[in-house]
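Q: Need a 3D model of the following:
(chains A and B)
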Amino acid sequence: NAGVTQTPKFRVLKTGQSMTLLCAQDMNHEYMYWYRQDPGMGLRLIHYSVGEGTTAKGEVPDGYNVSRLKKQNFLLGLESAAPSQTSVYFCASTLRRDLPEQYFGPGTRLTVT
Amino acid sequence: RKEVEQDPGPFNVPEGATVAFNCTYSNSASQSFFWYRQDCRKEPKLLMSVYSSGNEDGRFTAQLNRASQYISLLIRDSKLSDSATYLCVVNGIDSNYQLIWGAGTKLIIKP
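A: Numbers count the residues shown, from 1 in each chain, chains lettered A, B, ... in the order given. Predicted coordinates for the structure are as follows:
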């Protein structure tokens, strides 16, 4: 089992460019999450999904879109990148919402210049 | 006030020592509490859940104080490999059990 994988691992974008981050999990988990982590701050939830075909906004959704067309994949899109979106992005998944353990991917380090 | 607050550290501790740090949370309705560990430039991983009665896992002990709204993590006989950032996590009270994350406490174990 690969667990949770994320691509790409690193990316540098220019302001205004767009990109898609891919998260894939092979654990048949229902719940998937996208977080961003910035220095001095806790992980902040961007969007999440409670099952295939569903998405919902988290704490900081502006400037991002998501899709969950297949159960195992959760895509995060940046429509028009801004320097404020420079961050480390983590994807996570869990089988049930009441389980404490979220399994994380290795992260994507994104720099927007 | 942040929902989950932690001392960012770093805590510099000699190998073999005991170290403890706390985390305070603002929402008295929070029901579930966890400690995650995050190594440098890596993803967070669950270290342990925190139960009302307190719980222990080897050298690690977690406790919950609901009256004062804090949780604690105690590490005994610290190892070099314990060097990491420890994230305090509290479940949100909404129906989707969203987790609220502290910014972390950095621990450095010195030989």
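Q: For chain A, just list every one of the helices.
A: In chain A, no segments count as helices under DSSP state H.
Q: Would you map the strands across it?
A: A:4-7, A:10-13, A:19-25, A:31-37, A:44-49, A:56-57, A:64-67, A:73-78, A:87-94, A:103-104, A:108-112 (DSSP state E).
Q: which of these sits most buried?
A: Looking across those with neighbours counted as mean count of other Cβ atoms under 10 Å in any protein chain shown, the highest average goes to strand A:31-37: a mean of 24. Yep, even glycine has a C-beta here, placed from its N, CA and C like the rest.
Q: ok, now how distant is A:Val88 from chain B?
A: As judged by Cβ to the nearest Cβ, to the nearest Å, A:Val88 and chain B stand 8 Å apart.
Q: For chain B, name the helix or strand with the lowest mean pLDDT.
A: Least confident helix or strand of chain B, by mean pLDDT, DSSP states H and E, is strand B:99-101 with a mean of 90.
Q: Mind listing the strands that one pairs with, and their directions?
A: Here strand B:99-101 is paired, per DSSP bridges, with strand B:84-91 (antiparallel).
Q: List the contacts of the strand it pairs with.
A: For strand B:84-91, the external contacting residues (Cβ atoms under 8 Å, 6 or more residues apart in numbering or on different chains) are A:42-43, B:3-4, B:6, B:21, B:23, B:25, B:27, B:30-40, B:44, B:47, B:71, B:73, B:97-107.
Q: Give the partner strands of the very next helix or strand once past the least confident helix or strand of chain B in its sheet and their orientations.
A: Moving toward the C-terminus from strand B:99-101, the next helix or strand (DSSP states H and E) is strand B:105-110. Sheet pairing for strand B:105-110, assigned by DSSP bridges, gives strand B:11-14 (parallel), strand B:84-91 (antiparallel).
Q: Now do strand B:105-110: distance to the chain's middle.
A: Taking Cα atoms, centre = their mean, to the nearest Å, the mean C-alpha location of strand B:105-110 is offset from the chain mean by 13 Å.
Q: Likewise for stretch A:24-32?
A: Put simply, stretch A:24-32 sits 13 Å off its chain's centre (Cα atoms, centre = their mean).
Q: Name the residues of chain B found near chain A, please.
A: For chain B, the contact set with chain A under Cβ under 8 Å from any Cβ of the partner chain comprises B:2, B:4, B:8, B:32, B:34, B:41-46, B:49, B:87, B:96-104.
Q: Filter the residues you listed down to the buried ones.
A: Buried subset of the residues of chain B next to chain A (neighbour count, 16 or more other Cβ atoms under 10 Å in any protein chain shown): B:4, B:32, B:34, B:43-44, B:46, B:49, B:87, B:97-104.
Q: which among those residues gets closest to A:Cys23?
A: For these, the residue nearest A:Cys23 by Cβ to Cβ is B:Glu43; the value is 11.7 Å.
Q: The closest one touches A:Gln102, doesn't it?
A: No: using Cβ atoms under 8 Å as the test, B:Glu43 is too far from A:Gln102 to be in contact (9.8 Å).
Q: List the beta-bridge partners for the residue nearest the centre of chain A.
A: The centre of chain A sits closest to A:Trp34, judged by Cα atoms, centre = their mean, with a distance of 2.9 Å. Beta bridges link A:Trp34 to A:His47, A:Cys91, judged by DSSP bridges.
Q: show me the contacts for it.
A: With Cβ under 8 Å, 6+ apart, A:Trp34 has these contacts: A:21, A:23, A:45-48, A:58, A:64, A:66, A:74, A:76, A:89-91.
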